[in-house]
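Enquirer: Sequence unavailable; structure follows:
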């Protein structure tokens with residue numbers, strides 16, 4: 001399906017009084033600029049899970065982009081900038097590259113909501129070589145390393161950013177021994193591997209492991225099966241669960257042989273955004289999103305909102321909708337964006353990843369926001385999360401890196 005919408009004008013301007021004054025001062029020199037953005041999505045088939053208590057919103061990500069559109073329009077009315085967003089949603093298995101190729105000039109600023117293979121297929125299109133694409137969904141580390149693309153930036157977090165954030169909190173609490181339960185399948189294997197890498201990085205020891213089998217029905221047997229699964233764990237502080245599809249983790253909590261916090265895919269979780277984030281003006285963003293979407297904002301909504309706001313900020317500062325001018329600006333030392341997380345966000349020039357604080361939350365409150373105090377970095381504390389420059393195998397961004405950041 002294809003949906004097209006334009007943003008309503010809203011009273012008030014986000015940001016500081018100084019920014020308002022700057023916008024008003026620049027209004028006399030405003031130029032008409034049309035900014036066309038496409039949200040291109042390949043829908044995900046519904047996962048077969050034990051519980052359907054937490055359905056995935058059909059408009060996940062899209063509503064975040066629409067809120068970003070409205071926020072950009074608020075600023076744009078003072079600058080003579082007109083923003084438009086087209087949403088193109090393909091069924092599972094749809095040909096994202098073919099659809100992107102049909103976009104033509106309208107496809108030069110694109111938000112991509114799709115898996116790894118489709119992300120690369122779209123980014124590699126000859127017609128999009130000079131486009132600017134924002135990945136708002138795929139967390140695969142390979143997209144930030146060997147398979148990075150110069151025209152592909154990431155407002156979706158790298159998986160290792162989230163697992164690093166979780167391990168920082170564990171270390172700060174001196175919960176340094178974890179027992180790992182790993183689900184079946186490649187996604188759970190990737191998540192477990194990210195946990196292991198982050199645990200090694202921050203000195204957390206995984207003392208025992210167990211494999212969860214899909215053969216059992218934990219809805220009926222959790223009180224019997226989970227104690228048996230966890231009975232053999234060595235002395236540990238937390239139970240770390242690798243359950244990428246949110247399938248079985250909920251049945252682990254309060255059923256372990258030894259009473260311990262359950263973390264990772266349930267209990268204590270590292271998320272780029274959650275409804276419990278309220279500080280730094282986040283409550284305002286939460287309420288505006290709720291009014292727009294009729295539901296809470298999730299991580300993919302946040303990634304799409306940030307991508308739209310990055311475009312809006314760049315257009316405001318450069319006075320241009322040219323993708324290469326926007327890219328050059330957002331990869332420059334001058335760019336930063338307030339994103340209601342306590343520190344401004346910016347992009348890593350070695351792989352195009354948005355650097356951002358990561359909230360670590362439980363069901364009802366924020367427990368900590370990584371990087372925590374004490375986790376320093378030579379360049380930016382946010383770079384203590386995820387793939388750092390010396391570790392990166394991405395070479396596509398070397399030209400931007402030489403310009404300095």
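Expert: Here it is on my side, so go on. A quick note: this is a predicted structure, and the numbers were derived from the prediction, not measured.

Enquirer: Mind checking which residue lies nearest the centre of the protein?
Expert: Compute the mean C-alpha point of the chain, and by CA atoms, centre = their mean the closest residue is residue 156, 2.8 Å away.

Enquirer: pretty sure it contacts residue 141?
Expert: No - the criterion here is CB atoms under 8 Å, and residue 156 misses it with residue 141 at 11.8 Å. Any C-beta I mention is one placed from the backbone N, CA and C, and that applies to glycine too.

Enquirer: Surely the residue nearest to the centre of the chain is within a helix?
Expert: No - counting by DSSP: H, G, I helix; E, B strand; the rest coil, residue 156 falls outside a helix, being coil.

Enquirer: how about the helices in the stretch 151-300 of the chain?
Expert: Ranges of helices in the stretch 151-300 of the chain, per DSSP state H, counting those that start in this stretch, are 159-172, 186-202, 218-230, 282-293, 299-318.

Enquirer: Quickly list the domain ranges of the chain.
Expert: 2-157+274-359+393-402, 161-270 (automatic domain parsing).

Enquirer: ok, and for the helix or strand hosting residue 36, which residues are buried?
Expert: Assigned by DSSP states H and E, residue 36 falls within strand 33-42. Using 16 or more other CB atoms under 10 Å as the burial criterion, the residues of strand 33-42 that qualify are 33, 35-42.

Enquirer: so who does the residue nearest to the centre of the chain touch?
Expert: Under the criterion of CB atoms under 8 Å, 6 or more residues apart in numbering, the neighbours of residue 156 are 135-139, 272, 299-300, 303.

Enquirer: number of nearby residues for the closest residue to it other than its chain neighbours?
Expert: Excluding its sequence neighbours, the residue lying closest to residue 156 (CB to CB, 6 or more residues apart in numbering) is residue 303, at 4.7 Å. When neighbours are counted by other CB atoms under 10 Å, residue 303 registers 27.

Enquirer: thought residue 303 was touching residue 158?
Expert: No - when contacts are counted by CB under 8 Å, residue 303 is not listed as touching residue 158 (11.7 Å).

Enquirer: Residue 174: how many residues sit nearby?
Expert: Using other CB under 10 Å: residue 174 sits among 8 other residues.

Enquirer: What does it show for phi and psi?
Expert: Note on residue 174: backbone dihedrals following degrees, to the nearest 10 are phi 60, psi 30.

Enquirer: Residue 206 versus that one, what's the distance?
Expert: Distance, residue 174 to residue 206, by CB to CB, to the nearest Å: 16 Å.

Enquirer: Likewise for residue 123?
Expert: 35 Å.

Enquirer: Show me which of those two is the more surrounded one.
Expert: Per other CB under 10 Å, whichever of residue 123 and residue 206 has more neighbours is residue 123, with 23 against 16.

Enquirer: State the pLDDT value of that one.
Expert: Per-residue pLDDT puts residue 123 at 97.

Enquirer: Go ahead and confirm it touches residue 153.
Expert: No - applying CB under 8 Å, one finds residue 123 not in contact with residue 153, separated by 10.3 Å.

Enquirer: Which neighbours do these two have in common?
Expert: residue 133.

Enquirer: tell me the phi and psi of the residue nearest to the centre of the chain?
Expert: Per degrees, to the nearest 10, the backbone of residue 156 is at phi -70, psi 140.

Enquirer: Also residue 337?
Expert: phi -140, psi 130.

Enquirer: ok, what's across the strand from it?
Expert: residue 345 (DSSP bridges).

Enquirer: And residue 42, by the same measure?
Expert: residue 90.

Enquirer: pretty sure it is touching residue 98, no?
Expert: No - taking contacts as CB under 8 Å, residue 42 lies outside contact range of residue 98: 11.4 Å.

Enquirer: List the contacts of the closest residue to residue 320 other than its chain neighbours.
Expert: Closest residue in space to residue 320, ignoring its immediate chain neighbours: residue 33 at 6.8 Å, by CB to CB, 6+ apart. For residue 33, the contact set (CB under 8 Å, 6+ apart) comprises 79-82, 315, 319-321.

Enquirer: Buried among the residues you listed? Make that a ChimeraX selection.
Expert: Those of these that count as buried under 16+ other CB under 10 Å are selected in ChimeraX with:
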select :79,81,82,315,319,320,321
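
Enquirer: Is it correct that residue 96 is in contact with residue 122?
Expert: Yes - counting by CB under 8 Å, residue 96 touches residue 122, with 5.5 Å between them.
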